[in-house]
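1. One predicted model, sequence on top.
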Amino acid sequence: MNIQKRLHHRPPYLFLSNVVEHSDHYLHAQVTPQGDEFYLLGHFPHVPIVPGAIMQEMTTQAAGLMISEHHSPIPDYDSEKTKGWALGVLRAIHMAKYKNFARPGETLDIKVELLDHIENSFRFRGHIEMMGKKIMMNEFTLINISEQKLMG
């Protein structure tokens, strides 16, 4: 899957490097922070760890990929060319729990599962694993909205 074709996010705010597996209800992506990412430079000096808010964003980006690949209102959605829609906009975070830290050099497995889909609203359960152990879990809702609402 071409991540930049499906997501509007671009570096330095694109937090996924590859997709391992995907379907219309499940997506598994990965990233290995290197240590020079903007969010690690001050979080925390000499002891860099991935912020919880960034882990939340990793799961929402993975869910956004699933929406644009499998649930787009426009066939073959392309973030550079398709106009009129903003796909996978965060609507709510229902729950988030953090169990451990993620550091540079550690591969993060980002997994999201579609729980419910009603019209343009999508509820997900996500988690991040490191070496097979969950370090973060969440539930959240993303929506598809018109591009005009995003622009204001």
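-> Arrived safely. Numbering: from 1, shown residues only.

2. Would you map the strands across this structure?
-> For the chain, applying DSSP state E gives strands covering 18-22, 26-31, 85-98, 108-118, 121-130, 133-146.

3. Out of those strands, which is closest to residue 8?
-> Smallest distance to residue 8 across the strands of the chain (Cβ to Cβ): 7.6 Å, for strand 85-98. The way it works is simple: take the backbone N, C-alpha and C, and place the C-beta from them, glycine included.

4. so what strands line up beside that closest one?
-> strand 133-146 (antiparallel) (DSSP bridges).

5. Quick one: mean pLDDT for the partner strand?
-> The average pLDDT within strand 133-146 is 96.

6. Quick check: buried residues in it?
-> 135, 136, 138, 139, 140, 141, 142, 143, 144 (16 or more other Cβ atoms under 10 Å).

7. What does the pLDDT read for the residue nearest to the second one when sequence neighbours are not counted?
-> Spelled out, it's residue 136. Distances taken as Cβ to Cβ, 6 or more residues apart in numbering place residue 128 nearest to residue 136, at 4.4 Å, with adjacent residues excluded. Note on residue 128: pLDDT of 98.

8. so residue 128 bridges to which residues?
-> Going by DSSP bridges, residue 128 forms beta bridges with residue 110, residue 136.

9. ok, so what distance separates it from residue 76?
-> Residue 128 is 29 Å from residue 76, where distance means Cβ to Cβ, to the nearest Å.

10. Could you export the strands of the chain as JSON lines, including distance to residue 152?
-> What follows is the strands of the chain, written out as JSON lines (distance: least, Cβ to Cβ, whole Å):
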{"stretch": "strand 18-22", "distance to residue 152": "31"}
{"stretch": "strand 26-31", "distance to residue 152": "30"}
{"stretch": "strand 85-98", "distance to residue 152": "12"}
{"stretch": "strand 108-118", "distance to residue 152": "25"}
{"stretch": "strand 121-130", "distance to residue 152": "21"}
{"stretch": "strand 133-146", "distance to residue 152": "12"}
